[in-house]
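Engineer: heads up, no residue letters with this:
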């Protein structure tokens, strides 16, 4: 049974340590705090830890008020691994980026495993939530934990993989009501993970093992990656064929079975879609195959910023203007609507292409005070109306509500809408 200390009403209180306090780790910590667990957050970023201790959140989905409630419930953030020695449960939520060659970089995961192994106690539950390729937990994390602790996975401690499904900015689906997949090294490991997550997640879905749980996350994001790339490629030739792809999508999605709507855009951003399928592609290559769907999807999506820049050029030509010397205003430069996350945002390569073509690139984004590309750092325009008036062409890159719902867009000059959400005589859709 999880829990070692007396909690409210004499119940056993779980002592949890969350490693990595990004948008996943902090959300897990919040859910656990609401379930009256004793929660400690561990991160290597001293400034981040300091801000959290002062009640300043860096995550859109966890407000300062939310963080204040967590602190009142006993949450603490630290860079000191000592609390691991008293943890009943350890959840690892550290980043898993790509290296310069676009291969998996597990440095943070392995460092976290070493820290946990040094202080791991018998009977503990260790969960890896960081996105990775099938086999990581069993072949990389388990051996490190066993080597450092002298304990045996599946016997002395429980080892589980549970893919994160946090969707930043989603006001409908959050940690509690999004089903949680768990897969353990043994059946008992899985049972313990179900017992743990059921305390703050409505539906917990056990699967047959570690590798299947690891693959489920990559399957979800590869599915999205491939279908978004399909729409991006269709956007290019539909424009040449004078077909309104957006209208065709709206028509197709009325079918109540066998179809799910995906949409084109200026490229893909965030941690998941541009990164995660590469983990699967990499491990497939290690067994002698090529994951050609992922390679093609990546190629298509990576060329979209250049295609949008070409469309900017074409639109300016319609007004007998050249890109060189024209003011091009980018609206929304984060990777996703209504969040401040800039990771892998397609606005960055788009701005770089336009700048290389000689455009005077400016931007407006209520979620991003500054924006950098190619060593250039810009500050957001202060006034949307003024910025629109000064622009030769405006590009809607990210559909923040504050931008899309602004009446100022109706009075703007020509707008290239890469998100298919605007209408009007001054709007041209991707």
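Structural biologist: Thanks, I have the structure now. No experiment lies behind these values; they were computed from the predicted model shown.
Engineer: contacting residues for the residue nearest the centre of the chain?
Structural biologist: Among the residues of the chain, the one closest to the centroid is residue 271, at 4.2 Å (CA atoms, centre = their mean). For residue 271, the contact set (CB atoms under 8 Å, 6 or more residues apart in numbering) comprises 95, 97, 131, 343-344. Quick note: C-beta positions are derived from backbone N, CA and C, even for glycine.
Engineer: Please check the residues you listed and keep the buried ones.
Structural biologist: Buried residues within those, counting neighbours by 16 or more other CB atoms under 10 Å: 95, 131, 343-344.
Engineer: Can you tell me which of those comes closest to residue 30?
Structural biologist: Taking CB to CB as the measure, residue 30 sits nearest to residue 95 out of the buried ones among the contacts of residue 271, at 18.9 Å.
Engineer: Is it correct that the closest one is in contact with residue 20?
Structural biologist: Yes. The criterion here is CB atoms under 8 Å, and residue 95 meets it with residue 20 at 7.0 Å.
Engineer: tell me, what's touching the two both at once?
Structural biologist: 108, 130.
Engineer: which regions of the stretch 301-430 of the chain lie under the pLDDT threshold?
Structural biologist: By pLDDT under 70, the stretch 301-430 of the chain has no low-scoring segment.
Engineer: Which parts of it are helices?
Structural biologist: 304-318, 347-356, 384-390, 401-404 (DSSP state H, counting those that start in this stretch).
Engineer: On the three-state scheme, residue 159 is what?
Structural biologist: Look at residue 159: counting by DSSP: H, G, I helix; E, B strand; the rest coil, its state is strand.
Engineer: list the contacts for it?
Structural biologist: 126, 137-138, 141-142, 145, 153, 184-185, 189, 210.
Engineer: Restrict these to the buried ones and give me that as a ChimeraX selection.
Structural biologist: Of those, the buried ones go into a single ChimeraX selection, burial set by 16+ other CB under 10 Å:
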select :126,137,138,141,142,145,153,184,185,189,210
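Engineer: For the contacts of residue 159, could you give me a markdown table that also reports secondary structure?
Structural biologist: Output for the contacts of residue 159, formatted as a markdown table (three-state DSSP):
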| residue | secondary structure |
| --- | --- |
| 126 | strand |
| 137 | helix |
| 138 | helix |
| 141 | helix |
| 142 | helix |
| 145 | helix |
| 153 | strand |
| 184 | strand |
| 185 | coil |
| 189 | helix |
| 210 | helix |
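Engineer: Now residue 22. Its backbone dihedrals?
Structural biologist: phi -80, psi -160 (degrees, to the nearest 10).
Engineer: So, low pLDDT: which residues of the stretch 1-150 of the chain?
Structural biologist: In the stretch 1-150 of the chain (pLDDT under 70), the answer is 1-12.
Engineer: Let me have the buried ones among the contacts of residue 271 in a markdown table, extended by distance to residue 398.
Structural biologist: As requested, the buried ones among the contacts of residue 271 are exported to a markdown table (distance: CB to CB, whole Å):
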| residue | distance to residue 398 |
| --- | --- |
| 95 | 22 |
| 131 | 23 |
| 343 | 13 |
| 344 | 13 |
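Engineer: which of those lies closest to residue 304?
Structural biologist: residue 344 (12.6 Å).
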